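[1] predicted model, plus sequence, below.
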Amino acid sequence: MSKDKSTLSFAAALNAALADEMSSDEMVVVFGEDVGTLGGVFRITEGLSQQFGEDRCFDTPLAESGIAGTAIGMGLGGVRPVIEMQFDAFAYPAFQQIVSHMAKMRNRTKGAASLPITVRIPYGGGIGGVEHHCDSSESYYAHTPGLKVYTPASVEDAYLMLRAAIRLDDPVIFMEPKKLYWSKAEISLEELRQEFNTRWAQVEAQREHGEPYARAGVARTGEDVTLVSYGPSVVTCLAAAEAAAKEGRSVEVIDLRTINPLDEATITASVTKTGRAIVVAEPQGFTSVASEVVARIQQRCFHSLAAPVLRVTGFDIPYPPPMLEKYHLPNVDRILDAIDDLQWDDTPVDFSTTSTAGGH
Amino acid sequence: MSKDKSTLSFAAALNAALADEMSSDEMVVVFGEDVGTLGGVFRITEGLSQQFGEDRCFDTPLAESGIAGTAIGMGLGGVRPVIEMQFDAFAYPAFQQIVSHMAKMRNRTKGAASLPITVRIPYGGGIGGVEHHCDSSESYYAHTPGLKVYTPASVEDAYLMLRAAIRLDDPVIFMEPKKLYWSKAEISLEELRQEFNTRWAQVEAQREHGEPYARAGVARTGEDVTLVSYGPSVVTCLAAAEAAAKEGRSVEVIDLRTINPLDEATITASVTKTGRAIVVAEPQGFTSVASEVVARIQQRCFHSLAAPVLRVTGFDIPYPPPMLEKYHLPNVDRILDAIDDLQWDDTPVDFSTTSTAGGH
Amino acid sequence: MMSENAQPDPTGEKVKRLGISLEDYLLPTHGRIQMISESGELLSVDEQGSTPGHEYPMPTAQELLDGYRQLVIGRRVNDQNYALVRQGRMAVYPSSHGQEASEVAAALCLEPRDWLFPTYRDTVAVLARGVDPMQVMTNFRGDWHQGYNPHEHNTSVQSTPLTTQLLHAVGMAQAARLKGEEMVVLGMVGDGGTSEGDFHEALNFASVFKLPVIFFVQNNKYAISVPLSRQTAAPSLAHKAVGYGMAGELVDGNDLAALLAVLGRAVKLCREGRGPFLVEADTYRMQSHTNADDATRYREGEEVDEWTQRDPLQRMRTYLKNEGALTEDLEAQYTSDAEAVATSLRDAMGQDAELNPLDLFDHVYTVQTPQLAEQRAQLAEELSREAHTEHQG
Amino acid sequence: MMSENAQPDPTGEKVKRLGISLEDYLLPTHGRIQMISESGELLSVDEQGSTPGHEYPMPTAQELLDGYRQLVIGRRVNDQNYALVRQGRMAVYPSSHGQEASEVAAALCLEPRDWLFPTYRDTVAVLARGVDPMQVMTNFRGDWHQGYNPHEHNTSVQSTPLTTQLLHAVGMAQAARLKGEEMVVLGMVGDGGTSEGDFHEALNFASVFKLPVIFFVQNNKYAISVPLSRQTAAPSLAHKAVGYGMAGELVDGNDLAALLAVLGRAVKLCREGRGPFLVEADTYRMQSHTNADDATRYREGEEVDEWTQRDPLQRMRTYLKNEGALTEDLEAQYTSDAEAVATSLRDAMGQDAELNPLDLFDHVYTVQTPQLAEQRAQLAEELSREAHTEHQG
Ligand SMILES: Cc1ncc(C[n+]2csc(CCOP(=O)(O)OP(=O)(O)O)c2C)c(N)n1
Ligand SMILES: Cc1ncc(C[n+]2csc(CCOP(=O)(O)OP(=O)(O)O)c2C)c(N)n1
Ligand SMILES: [Mg+2]
Ligand SMILES: [Mg+2]
């Protein structure tokens, strides 16, 4: 395969990651609804059942608890299942299997039965999807001890993190931002493969640091304010940073990559430097991952903060219908407004009435 | 009935609230697992099926999605269902029905179909329960727009809030702290009834303030530091406040009563006064209700805070087995330690290494 | 030591069967109920798939004509919406092209006081209940989640989370019993949906409580790309009734007459307190799952061609014409009725939707929370700033 | 206008039935398989509830003796644990007193390479798989969630969330197929558990993928206080097999011989690739649900008395004695084996559990998170402070 850079889509990167893991370990199997012949409604599993056979990539009866529950049995039986939940609201029927078993089996058996399961969940909005097709459920999983929660925000990470998630012996909820599926990068798959191999070799060498992608990325460096984000909102933050730069504000953007584990060191280093932080995330903000990140920053960086940590999140409403989603989703303007609110002069700002969702 | 005060247990107060609502509105029906003949595994529904007939208080087949799903249909049909989930981990099979329908039906139909359902869920630990019997799942529901989340911490509130929840036309997740079931108060049921009638008359008069118990309570007043808590942890906070008083610290304790809606005015008034706050709650702290309250306090009260807002919560682990739960649950010592950490002199404390769960 | 008696030999066990076997329970299976042949002819009673004592009466001419009119409208709506989606004037539309007979029968077998619980696929059934077409299309256009008031036509929202609506149907029947109202409830579900846990729980609740609920499965052979063989190993989906102690029936889902007969009887029996029932309609999804899907990726054109021969409209049309019931005048009238609906849909979808972003906050609760009130104020402020800017600009 | 032919009259419909009715599918129902009478006598083949060509061979004397020994141990453990809970030395124990034959047969029908998926009720089955009694009791004592390694005896954890384990059983069978291992999997569930959605999904997955899984329902007539009549309206739980295209069998759950015969055949057929199967054991929960429950609140003493007559131990004991298989010596030996287990349980539970609170953090993940490492350090610090204080004090 050529090492020339070429255009790779987020979806193709995920597809390649699946194929590469299936090639390297024949215990990796992929199943779910429409993942076989069709190759998934988003085509992420395209070609896998043809390439690896219907034993290793197959459709199940239409039942999400069944998919998660049988994955648990397979995990117990030494298989490494990668399952797809078609849209994230449709993972809810599997909630008991995920929360009460997948997350707890290893702890329950004092490590005798770990479950190396990857649950792929397309999530988030911005694609004009009708009700139940645009939920962002990461906060439910983040709140569940025993699960890890990964979410890539770039084509590179889509590939690297999915392979890492599959290899990890812990259950990983792998949240895929739907609106990024069609995003592209100039990148060579071959380089990505080498990158993965290099990093994995390091993991093998130092077993205790077994999660090579559990490091937040600094997606853009800046001096004045830190935007902490993940998944679909990272691109919005980068756009906001670009716009803010024009107004003379230097914005650092952090891409968490993994929600659990949370790379607090990277966040803390940034906020200690900038003294100001905004957490940007798509789901309703109440009791969300964004709340957690805010809570941690205000504690870890208390003496460095020139202003409270604000949030720009979705409102605390059911996800809107297609024609109204733009009013709900965090956007550049709201982020810029929130930045403006961050107490840039000596007059104390009354934050008691600042919105906790839209951030201003 | 005599107006003399007598001893009323938390469980009896809930039972009386159910009976009183069933008496006052024949569309109120109670169902679930073992709630009929047996009167519930915690005896909260004791006597109801005998008193009101098996049509109005009955056992269903053993299926939680079925219980929640049929409650939705009944709500649509003009009935006011009060359902019991036997233990809170056993509500997870109903997650889809609760999150994708119960919470969203009113919004979906622009108010044409509100669902006046009360979902009673015994929750929390401290009773030596085996795995799956001591979860605290309020954060999942708090994160779900369209649901309200109530949790009483006193015998009085058990009665008053349950009646209010049943009358509310919105779906209410009514979380009952198991370890308080056997707690008692000197109180007359007759007085409680009058209290309820008085408050409800006010609600009727001013329809827009339709939630008479959506006001946090100040369970103890103090000047130096605010403990914000709810449900099973309120008693722990009161004990900690008592102990702190002996050490010369004046501690205010706030009982949220309702998690959603959140009475921020009461919290903000207290923290603005004390300048210090700790949020105490039983579940794993990561992405929890406690995170949300911390995030709001640091924003609303930024200029008043002498120290970061700390948390004393359960660890981010599956709920422990009976013999180890005491190491997990927030206790007086941990709260006192956290209070000590709140920067009482001028030397800056390094909060970057303070634990985010145990609070010190 | 063990007594030697007539027991089979434990070592050389010859009998190799367990319990109630496939062969056993296939014995009493009735055939698939069908009344009109694929070419539009009335079948004789012994060709109808029923057994003696179990025959179905033919619906009246008027019933069939009313149904046929709805078929014509339903087909037109399916095809109009398909076009509107292609033109980008609708977000999504799951067409029931080919399944219109099942759709229409599900609605027509009920009286206004009864309730229908449809899915995203069942637009034509909802229309046949009398719901305003523009309101029905709200959902697919994307200006709101659902556009009609369920209480106006006793028709619940078109459910997307599969099979969940069957439990709502059961609950509605329980509510009616509690209120002393006479009501039959019909819940719709697809073949794929029968695999969900909620299917089991709904049928079980209904049978344990002996409720007047009809579970109507449209077996259109696919769940998106997944064929029926991945959903069940049972001889038919109707056989699933057995495990709940209820009766099940398999009916030709493209034969309006058979559908009206079978569902009609099920409704009658339900009113007599003899429900619940499971009815499986044998039909086919002629088009892709939705416009976002490409059915050629997972099925053969031949199969589709075969089913084209079984089209529910053609069949009923031929029959009613042959019988003399469907006159040219009537036919013309139905076509123009259908055209009127299509035109009004085109017109409505051609206009900009009236949107009020603040609606996002106003229906979440009956009693608003301070948190939402604050967020609503934020959006209102943004909108007024925007309006101001636009005005200035 | 409509042709007048042999169609039934639409107005005066006499026939009032729908589809496959109860009467129909009751026809082929086999009786309940039973081999030993309640008073311990061998039943003749035609009293055994089977139909011609479907008879079961009697298990060998040795099989029955081995099973009987486990019954004696199982009963002793049930009763010992009951006492330990009353003495406060165990947190909770759901006893299978009265169901021991079903428990034991579920374990003995399997080979070591096979897998068992038990519930909280199935301690006796787990013991009969050879798992160390002290390890099994960990869960009920409360020092950890589960005490044994599932991989050591191919026996999964005792599942508490009802019916979830059946899906794990199915997944295990899928894993075995993938790895090319020959394995039969038996999943246990109660009558109440059959109402959960996961029951449906598990049976359906198993039958669609044609997996060697035996779903073994112990119908002990109650789900805590809720009687069977609230769980199903079907003639038997075994009938539920029909809806999945699998065979079902109803067996006397207090007759060890019949259980071994039926489950034995199911295992054999599974090995030949003819599974899955559903087997319902007709049995009774003699004691309360757990010590926290009071069964007198919801059932009559008479019912319990009736079932006392059908005790699985007495029956097998009488039969084996009459047959001369069970000698005084053997009986004495079994009793002393059982006593040894009981004694070791008493001894173990009399001692303080060895607890390490830091275990709470060490098994949540294979790769620890920084968040948990920090929290672990906090607890460690608290514990060392405490130890220090105790040391000082
Ligand atoms: C709980 C749930 N899981 C998955 C989906 C995604 N989904 C939508 S339609 C569909 C196929 C449904 O097939 P079937 O029940 O046969 O109905 P049909 O579309 O053929 O009418 C799937 C998988 C969903 N809507 N809900
Ligand atoms: C999902 C779930 N819901 C509820 C419970 C609480 N619960 C424990 S045992 C039980 C009754 C189970 O009855 P059955 O399945 O007949 O088994 P048995 O106890 O009779 O052996 C219930 C309701 C649970 N453990 N899991
Ligand atoms: Mg279908
Ligand atoms: Mg039982």
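    Alright, I've got the coordinates. Residues are numbered from 1 along each chain as shown, chains lettered A, B, ... in the order given. Ligands and ions are numbered 1, 2, ... in the order given.

[2] for the stretch 101-250 of chain C, what are the low-confidence residue spans?
    Nowhere does the stretch 101-250 of chain C drop to pLDDT under 70.

[3] who in it is up against ligand 3?
    Applying CB under 5 Å from the ion, we find that the stretch 101-250 of chain C lies next to ligand 3 at C:190-192, C:220, C:223. From N, CA and C alone the C-beta is placed, and that goes for glycine too.

[4] how about the residues of the stretch 201-350 of chain A near chain B?
    By the rule CB under 8 Å from any CB of the partner chain, the part of the stretch 201-350 of chain A lying against chain B is A:260, A:268, A:283-284, A:286-292, A:294-296, A:298-303, A:307-311, A:316-318, A:348.

[5] so which of those reach ligand 1?
    Restricting those to those within reach of ligand 1 (CB under 6 Å from any ligand atom) leaves nothing.

[6] in PyMOL, select just the buried ones from those.
    In PyMOL syntax, the buried subset of those is picked out as below (16 or more other CB atoms under 10 Å in any protein chain shown):
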select buried, chain A and resi 260+268+283+284+286+287+288+289+290+291+292+294+295+296+298+299+300+301+302+307+308+309+310+311+316+317+318
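
[7] now list the buried members of the residues of the stretch 101-250 of chain C next to ligand 3.
    Buried among those by 16+ other CB under 10 Å: C:190-192, C:220, C:223.

[8] save those residues as a markdown table, and put in distance to residue B:219 and secondary structure too.
    Formatted as a markdown table, these follow (distance: CB to CB, whole Å; DSSP: H, G, I helix; E, B strand; the rest coil):
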| residue | distance to residue B:219 | secondary structure |
| --- | --- | --- |
| C:190 | 53 | strand |
| C:191 | 56 | coil |
| C:192 | 52 | helix |
| C:220 | 59 | coil |
| C:223 | 53 | strand |
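
[9] quick check, nearest of the residues of the stretch 101-250 of chain C next to ligand 3 to chain B?
    residue C:192 (15.8 Å; CB to the nearest CB).

[10] got a list of what the residue nearest to residue C:228 when sequence neighbours are not counted touches?
    Excluding the flanking residues, the one nearest residue C:228 by CB to CB, 6 or more residues apart in numbering or on different chains is residue C:221, at 5.1 Å. Contacts for residue C:221 (CB atoms under 8 Å, 6 or more residues apart in numbering or on different chains) come out as C:191, C:227-228, C:283-285.

[11] tally of neighbours for the closest residue to residue C:230 other than its chain neighbours?
    When the adjacent residues along the chain are set aside, residue C:230 lies closest to residue A:59, with 5.4 Å between them (CB to CB, 6+ apart). Neighbour count for residue A:59, taken as other CB atoms under 10 Å in any protein chain shown: 25.

[12] for residue A:59, give me phi and psi.
    Reported as degrees, to the nearest 10, the phi and psi values for residue A:59 are phi -90, psi 150.

[13] what about it, distance to ligand 4?
    Distance of residue A:59 to ligand 4, given as CB to the ion, to the nearest Å: 34 Å.

[14] how far off centre is the host helix or strand of residue A:107?
    Using DSSP states H and E, residue A:107 maps to helix A:105-108. Relative to the centre of its chain, helix A:105-108 is centred 24 Å away, using CA atoms, centre = their mean, to the nearest Å.

[15] residue 233: how many residues sit nearby?
    I'll assume chain A. 32.

[16] oops, chain C please
    Using other CB under 10 Å, residue C:233 is surrounded by 20 other residues.

[17] which residue is the nearest non-sequential neighbour of it?
    Setting aside the residues directly before and after it, residue C:233 is nearest to residue D:245 in space (CB to CB, 6+ apart), at 3.6 Å.

[18] tally of neighbours for that neighbour?
    Count around residue D:245 with other CB under 10 Å applied: 21.

[19] picking up where we left off before, isn't the residue nearest to residue C:230 up against residue A:32?
    Yes. Using CB atoms under 8 Å, residue A:59 makes contact with residue A:32 at a distance of 7.4 Å.

[20] name the nearest residue to residue 164, ignoring sequence neighbours.
    In the absence of a named chain, this looks at chain A. Residue A:164's closest residue in space is residue A:213 (CB to CB, 6+ apart), at 4.9 Å.

[21] think we crossed wires, I meant chain C
    residue C:198 (5.5 Å).

[22] in chain A, what residue comes closest to ligand 2?
    residue A:96 (6.7 Å; CB to the nearest ligand atom).

[23] tell me how far that residue lies from residue C:197.
    Per CB to CB, to the nearest Å, residue A:96 is found 10 Å from residue C:197.

[24] common neighbours of the two, please.
    In contact with both residue A:96 and residue C:197: A:65, B:93, D:198, using CB under 8 Å, 6+ apart.

[25] all helices of the stretch 101-250 of chain A, in order?
    For the stretch 101-250 of chain A, applying DSSP state H, counting those that start in this stretch gives helices covering A:105-108, A:138-142, A:155-167, A:189-205, A:233-246.

[26] got JSON lines for the ones you listed, with mean pLDDT and distance to ligand 2 too?
    Compiled in JSON lines, the helices of the stretch 101-250 of chain A are given as follows (pLDDT from 0 to 100; distance: least, CB to the nearest ligand atom, whole Å):
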{"stretch": "helix A:105-108", "mean pLDDT": "98", "distance to ligand 2": "15"}
{"stretch": "helix A:138-142", "mean pLDDT": "98", "distance to ligand 2": "18"}
{"stretch": "helix A:155-167", "mean pLDDT": "97", "distance to ligand 2": "28"}
{"stretch": "helix A:189-205", "mean pLDDT": "91", "distance to ligand 2": "38"}
{"stretch": "helix A:233-246", "mean pLDDT": "98", "distance to ligand 2": "36"}
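
[27] figure out which of those is closest to ligand 4.
    helix A:105-108 (23.5 Å; CB to the ion).

[28] how about residues contacting that closest one?
    Helix A:105-108 has contacts (CB under 8 Å, 6+ apart) with A:72, A:75-76, A:113-115, A:145-146, A:170, B:131, B:317-318, D:145-146, D:157, D:363-366.
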